[in-house]
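*Asks:* got a predicted model here, sequence first, then my questions.
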Amino acid sequence: MRLVGKAVDVYQYLEPLYNDYRKVRCREKDGSFALSHMDEVIDQMLRKDYLFDIALPRLPSRVTLERVGQLEPRISVLDKEFDEAALEEARRRDARGRRDVLDRWDGRDKHEREHRTTGATAIVRSSGCG
């Protein structure tokens, strides 16, 4: 595909294969075999000038094709999962933060609470260090 296809067709055909994680045996120059994964081979096809001792034609970068309007921005399958995980982590952190604030407010920092209620602008704690 990379040898004869147009740049837009190459990206549209090969990019979905980024989600293919099957193992692939690739023959090295010395005749031995190396284990790789399909998504790694696809990445090399899209980024490198030589692959399997074959000179590949120049391929414009994806960003360039997006700027010209020939390709839509690529959305990774992992983006949705990452966004969901980040949102869940933020919810957990927010819930923990509320509990921490309530725990501190319930008496451990009585001195700090008194300063806040009297309108002190700076709160100084001694840390015991140096």
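*Replies:* The structure has been received and is ready for your questions.
*Asks:* now the helix or strand hosting Glu88: average pLDDT?
*Replies:* In this structure, Glu88 sits in helix 77-103 according to DSSP states H and E. For helix 77-103, mean pLDDT rounds to 71.
*Asks:* just stretch 17-33 next, same as before
*Replies:* Stretch 17-33 shows a mean pLDDT of 88.
*Asks:* for Leu17, grab phi and psi.
*Replies:* Main-chain torsions, Leu17, degrees, to the nearest 10: phi -80, psi -10.
*Asks:* that one and Arg67: what is the separation?
*Replies:* According to Cβ to Cβ, to the nearest Å, Leu17 stands 24 Å off from Arg67. In short, each C-beta sits where N, CA and C put it, glycine included.
*Asks:* so which of the two has more stuff around it?
*Replies:* Comparing Leu17 with Arg67 by other Cβ atoms under 10 Å, the one with more neighbours is Leu17, at 15 against 10.
*Asks:* which SSE is the residue nearest to Leu46 when sequence neighbours are not counted in?
*Replies:* Nearest residue to Leu46, sequence neighbours excluded (Cβ to Cβ, 6 or more residues apart in numbering): Leu14, at 6.0 Å. Leu14 is part of helix 7-14 when elements are defined by DSSP H and E.
*Asks:* now could you export just the CA positions of the helix or strand hosting Val63 as PDB?
*Replies:* Secondary structure assignment for Val63, by DSSP H and E: helix 62-68. In PDB, the C-alpha atoms belonging to helix 62-68 read as follows (Å, rounded to 0.1, in the frame of the first residue of the first chain):
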ATOM      1  CA  ARG A  62      -0.300  13.400   8.900                       C
ATOM      2  CA  VAL A  63      -0.400  16.800  10.500                       C
ATOM      3  CA  THR A  64       0.200  18.400   7.000                       C
ATOM      4  CA  LEU A  65      -2.700  16.400   5.500                       C
ATOM      5  CA  GLU A  66      -4.900  17.500   8.400                       C
ATOM      6  CA  ARG A  67      -4.100  21.100   7.900                       C
ATOM      7  CA  VAL A  68      -4.800  20.900   4.200                       C
END
